[in-house]
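Undergrad: what's the 3D shape of this:
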Amino acid sequence: MKLRCLIAVLIFTQKSMVLFDFKKNDTPDNWKIVNDLVMGGFSNSSIKKNKDGYGLFNGHVSLKNNGGFAMTQYDFETLETKSYSKFVLKVKGDEKTYQFRVKDKREDSHSYIAKFKTSNSWQTIEIPFSTMYPTYRGRLLDMDNYSGNQMEMVAFLIGNKQEEDFNLTIDTITLK
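TA: Below you'll find the model as predicted:
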């Protein structure tokens, strides 16, 4: 009986789902760019595959005309995620801080976010669902953190309150 329980625990802890894999067959075609242009700003960004086949989210964040952010987001049909507890990102950056964002429902005005700092080397960033806190336009909301029950959108955003060029290389987004 103990062996059966141990096997069940091992199987459960190894369970994962790849949400997006740029290096395999996934393309950035369904990723959308949302820059501060929606508020009158002048930031610009793009997402594409680089020469090595990874996703590349890059551009320039401008503070002109009350701007200050660039974002790429990926919308999908409702995904039930109760059996997972965290995101695992494999990324390489430029030593800047980014936000990883998730929405329960794409039409929600708020997002749940986690900030992470990148390096010039490949990193595996683990983000427990329970640590992702709700925000709206940069303001913390008085709501519970992300429940992890379902999702319809994930995104990467840079908005460090400074004018800057940025480059974030993305390999995979996995649920564990």
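
Undergrad: backbone phi and psi for the closest residue to residue 36 other than its chain neighbours, please?
TA: Spatial nearest neighbour of residue 36, excluding adjacent residues (C-beta to C-beta, 6 or more residues apart in numbering): residue 67 at 3.8 Å. The C-beta positions use only the backbone N, C-alpha and C, and glycine is treated the same way. Main-chain dihedrals, residue 67, degrees, to the nearest 10: phi -80, psi -170.

Undergrad: just residue 129 next, same as before
TA: phi -50, psi -40.

Undergrad: for the nearest residue to residue 50 once chain neighbours are set aside, list each beta-bridge partner.
TA: Closest residue to residue 50 apart from its sequence neighbours, by C-beta to C-beta, 6+ apart: residue 56 at 4.3 Å. Residues in a beta bridge with residue 56, per DSSP bridges, are residue 48, residue 169.

Undergrad: do I have it right that residue 56 meets residue 166?
TA: No. With contacts counted by C-beta atoms under 8 Å, residue 56 stays clear of residue 166, the gap being 10.6 Å.

Undergrad: more neighbours: the two, which one.
TA: Shown here are residue 56 and residue 166; by other C-beta atoms under 10 Å, residue 166 has more neighbours (21 against 18).

Undergrad: in what helix or strand does the more buried one lie?
TA: strand 164-175 (DSSP states H and E).

Undergrad: off-centre distance for that strand?
TA: 8 Å (C-alpha atoms, centre = their mean, to the nearest Å).
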